[in-house]
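*Asks:* turn this into a model:
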Amino acid sequence: MKQKLFILFFVAISIINKGKAQYSASYISILAYSIEISYSSSNGFYQPFSPNYASYANILATLQAKYDKNHAIISKELGKLLGLDLINITNRATLKQHQETISEEVKMKCTGNVGDQEYADGWIKYVTQTFRIPEIKDEILLLQSCQTELNRIKHKDPDNYIYSTRYKSIMKTLDLLKNCRTSEIKSLSWEKTELENASNNNSSNSNNQ
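*Replies:* Numbering: from 1, shown residues only. A predicted model of the protein is given here:
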């Protein structure tokens, strides 16, 4: 619900301030969704969703509970995969192929055996493999960083943040992300973009004096 309100807020701002600021609604939507993909802060590995059944230990002892747990994890991870979109053109093509292939495989081959833990773990690993592709992981982490900073500046100055240098740096970074080589994604950041813009502006001012 918060993500939907966040996106609607950006749309409303775009209508009110049409002509005053340039940004992509599709970027905002992609950024908002990226926070659904979870990486461990300590080691950077992808962390699959896992329901908290700690208070139902007695139920988990049954086969049905194991089935429900594993089915929930697989369904959650497949949903995140199918709902994900990216900005980089190459990564988008890779993602689309994975979405189509994995979705079809799950529908045809993932059967009632998910109550067996080893079988379920294999499917969880298969469904989440896309998030472990280095280039896609790098993009998701970049999107999350941009999203976090957008939330911060929006909270700090909700009426004017889209005119700020920080907002422009974030949007420029996303523009660079779109067509860059996937090997270059890891080196992108809104912080680096902002520093480069400041350096270029200082050089321009010095030349004009």
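*Asks:* what sits up against the top helix by length along the chain?
*Replies:* Of all the segments of type helix in the chain, defined by DSSP state H, the longest one is helix 134-156. Applying CB atoms under 8 Å, 6 or more residues apart in numbering, the contact partners of helix 134-156 are 6, 9, 28, 30-32, 34-35, 37, 39, 44, 46, 86-88, 90-91, 94-95, 130-131, 161, 164, 166-167, 170, 173-174, 177, 182-183, 185-186, 188-190. C-beta coordinates here come from the backbone N, C-alpha and C atoms, glycine included.
*Asks:* was I right to think His78 contacts Ser103?
*Replies:* Not His; residue 78 is Leu. Yes. Using CB atoms under 8 Å as the test, Leu78 is close enough to Ser103 to be in contact (6.9 Å).
*Asks:* which of these two has more neighbours?
*Replies:* When Leu78 is set against Ser103 and neighbours are counted by other CB atoms under 10 Å, the residue ahead is Leu78, at 21 against 14.
*Asks:* does the more buried one sit in a helix, a strand or a coil?
*Replies:* On the three-state scheme (DSSP: H, G, I helix; E, B strand; the rest coil), Leu78 is labelled helix.
*Asks:* correct me, but Ser164 touches Pro158?
*Replies:* No. Using CB under 8 Å, Ser164 makes no contact with Pro158, being 11.5 Å away.
*Asks:* which of the two has more neighbours?
*Replies:* Between Ser164 and Pro158, counting by other CB under 10 Å, Ser164 is the more crowded of the two (14 against 11).
*Asks:* ok, now how distant is the more buried one from Leu188?
*Replies:* Using CB to CB, to the nearest Å, one obtains 19 Å as the distance from Ser164 to Leu188.
*Asks:* which residue, neighbours along the chain excluded, lies closest to Leu177?
*Replies:* Leaving aside its chain neighbours, Leu177 sits nearest to Ile87 (5.0 Å; criterion: CB to CB, 6 or more residues apart in numbering).
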